[in-house]
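Peer 1: sharing a sequence plus its predicted fold:
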Amino acid sequence: MKTAIALLVACSLFTESALAAVKPKICFTKAEESAEQLVRGGLRLREGANGCDERPWSAGTAPLWKQVDEKFGPKFKQQTDIRRTAFVREFSKDVENHIQAWDGRTVLYYRNYPLSIVYCEQVKKSLNDMLGRSGWGGFQKSARLYRIPVEDDYKPCG
């Protein structure tokens, strides 16, 4: 009888603590999707800038990326924090591995993206636009235009 009562108490405590924890939604909100898209867009520009700066392209994009990172680093961090909150909610038991896996997958994709004159010029134009007339708002719009398949990876919340 004592064992049954102890088991019942343990089960109720476990249930209460489980309910108190934030439940995964098994989806990303619009703000979380947007943050993920902007993070991926930033990774795309960073990797493109680094790759296009090397020979044979020598596009002069690495210094531009450095300027973008200095100017918009806090905004990228804000998006990364929104994204982290979603990952904590959705993958609370193994959040760091999930973040590393998704970041690694995205970086690997863009680091090995086949470079060309056209691609490098487009990356350079995007960086110059961010630093010039379009700024962060222009980057937000352009990040939506590229096929950065956030919606393929995370179901949108209702």
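Peer 2: Noted; the coordinates are in hand. Numbers count the residues shown, from 1 in each chain.
Peer 1: give the next helix or strand downstream of the lengthiest helix in the chain.
Peer 2: Assignment by DSSP state H gives helix 62-90 as the longest helix of the chain. Sequence-wise, the next helix or strand downstream of helix 62-90 (DSSP states H and E) is helix 95-111.
Peer 1: now for that following helix, which elements pack on it?
Peer 2: helix 30-53, helix 62-90 (3 or more C-beta pairs under 8 Å, 6 or more residues apart in numbering; DSSP states H and E). Backbone N, C-alpha and C define where each C-beta goes, glycine included.
Peer 1: if we can go back for a sec, could I get the buried residue list for the longest helix of the chain?
Peer 2: Using 16 or more other C-beta atoms under 10 Å as the test for burial, helix 62-90 gives 64-65, 68, 72, 76, 79-80, 82-83, 86-87, 89-90.
Peer 1: try stretch 50-57
Peer 2: Buried-residue list, stretch 50-57, by 16+ other C-beta under 10 Å: 51, 52, 53, 57.
Peer 1: dump these to TSV, plus pLDDT and distance to residue 118.
Peer 2: Converted to TSV, the buried residues of stretch 50-57 look like this (pLDDT from 0 to 100; distance: C-beta to C-beta, whole Å):
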residue	pLDDT	distance to residue 118
51	97	14
52	98	11
53	98	16
57	96	11
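Peer 1: closest one to residue 130 out of those residues, please.
Peer 2: The nearest member of the buried residues of stretch 50-57 to residue 130, counting by C-beta to C-beta, is residue 52 at 15.1 Å.
Peer 1: so who does that closest one touch?
Peer 2: Residue 52 makes contacts with 59, 61, 115, 119, 120, 123, 124, as judged by C-beta atoms under 8 Å, 6 or more residues apart in numbering.
Peer 1: same thing but 6 Å
Peer 2: 59, 61, 120, 123 (C-beta atoms under 6 Å, 6 or more residues apart in numbering).
Peer 1: these two touch, right, residue 106 and residue 39?
Peer 2: No: the pair residue 106 / residue 39 is not scored as a contact, 8.1 Å apart, by C-beta atoms under 6 Å.
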